[in-house]
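Student: Predicted model follows, preceded by the sequence.
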Amino acid sequence: MTSTTHRPQAFVFDCDGTLLDSMGAWLTVQPRLLATYGVTATSDDFAEFEHLSVEDECAAYRVKWNLDATGEEIYQRLMDMLRDEYATTIVARTGAHAFLEEAACAGIPMAIATSTPAFLVEAGLRHNNMDGFFSSITTTGEAGASKQRPDVYNLALSKICAAYDLGDVAHEDVWVFEDAPFGLRSAREAGYHRLGIFDPAGRAERDEVRALSDIFIDEYPELSLDAICSFAG
């Protein structure tokens, strides 16, 4: 692995569980969604769908539980249940705003790569005064693949390069910030550096997130831009 001893060219952030403390809302709302169709479920029943885009998740719910609704209808009902949560209730991870300010002051371009619909991400970031830090939001639906593949990170990086006229940027000069092991794994396979953050409200095991990360944190106050710039892997 090439050592990174200079300022990174870009940061690509996951949102849910990485920037926003939103996983608890998802784990609560998913069983409530199924209950509206007369199905009893727990949050653990949804673990197999976590890597999918929300649109694909809802289509999978229809098949697994034989719901009397289309995937689009299930998706719209779920969005109605989550809309207010992102706009009014969900808060940022501790110290996330301060770290984004530090990176922005250093002139590092930043973008979002997420499995969550962009309008929810926009609402959550806006509610926490973080929307101005990012040049774009890229979803797995837009990229056409789940985070088990690096497509969404690659597309987010291509948007950064276009927005900032950077030309070709090597993946080893870019950091992906993630809480999900499947995202960290695909980012590693694509040659990105990985900042792993543990989300105690999520499904991932702390040790697995740590093992897949170049730098691992529990919260952003543990992190500084200097630590990333001086990283040598």
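Tutor: All right, it came through fine. Numbers count the residues shown, from 1 in each chain.
Student: For Ile160, give me its contacts.
Tutor: The contact partners of Ile160, taken as Cβ atoms under 8 Å, 6 or more residues apart in numbering, are Ala10, Val12, Pro109, Met110, Ala111, Ser135, Ser136, Leu166, Val169. All C-beta atoms are positioned from the backbone trio N, CA, C, and that covers glycine.
Student: okay, now the closest residue to Phe13 other than its chain neighbours: neighbour count?
Tutor: Excluding the flanking residues, the one nearest Phe13 by Cβ to Cβ, 6 or more residues apart in numbering is Phe177, at 4.5 Å. When counting by other Cβ atoms under 10 Å, one arrives at 29 neighbours for Phe177.
Student: try Phe231
Tutor: 16.
Student: what's the answer for Val54, then?
Tutor: Neighbours around Val54, by other Cβ under 10 Å: 22.
Student: For this protein, which segments are assigned as helices?
Tutor: 23-35, 54-65, 71-84, 96-105, 118-127, 140-143, 151-164, 181-189, 206-211, 225-229 (DSSP state H).
Student: measure stretch 213-226 end to end?
Tutor: 17 Å (Cα to Cα, to the nearest Å).
Student: again but with stretch 210-222, I slipped
Tutor: End-to-end for stretch 210-222, by Cα to Cα: 14 Å.
Student: pLDDT (mean, whole number) over stretch 162-182?
Tutor: Averaging pLDDT along stretch 162-182 yields 97.
Student: Buried ones in that stretch, by neighbour count?
Tutor: 169, 171-182 (16 or more other Cβ atoms under 10 Å).
Student: farthest pair in those?
Tutor: Taking Cβ to Cβ, the two most distant members of these are Val169 and Pro181; they sit 25.0 Å apart.
Student: what comes up buried for stretch 142-152?
Tutor: In stretch 142-152, counting by 16+ other Cβ under 10 Å, buried: Ala143, Ala145, Ser146, Lys147, Arg149, Pro150, Asp151, Val152.
Student: Please tabulate these in a markdown table, including the columns distance to Glu57 and pLDDT.
Tutor: Shown next, in a markdown table, are the buried residues of stretch 142-152 (distance: Cβ to Cβ, whole Å; pLDDT from 0 to 100):
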| residue | distance to Glu57 | pLDDT |
| --- | --- | --- |
| Ala143 | 15 | 96 |
| Ala145 | 14 | 95 |
| Ser146 | 10 | 94 |
| Lys147 | 12 | 96 |
| Arg149 | 16 | 97 |
| Pro150 | 20 | 98 |
| Asp151 | 17 | 98 |
| Val152 | 15 | 98 |
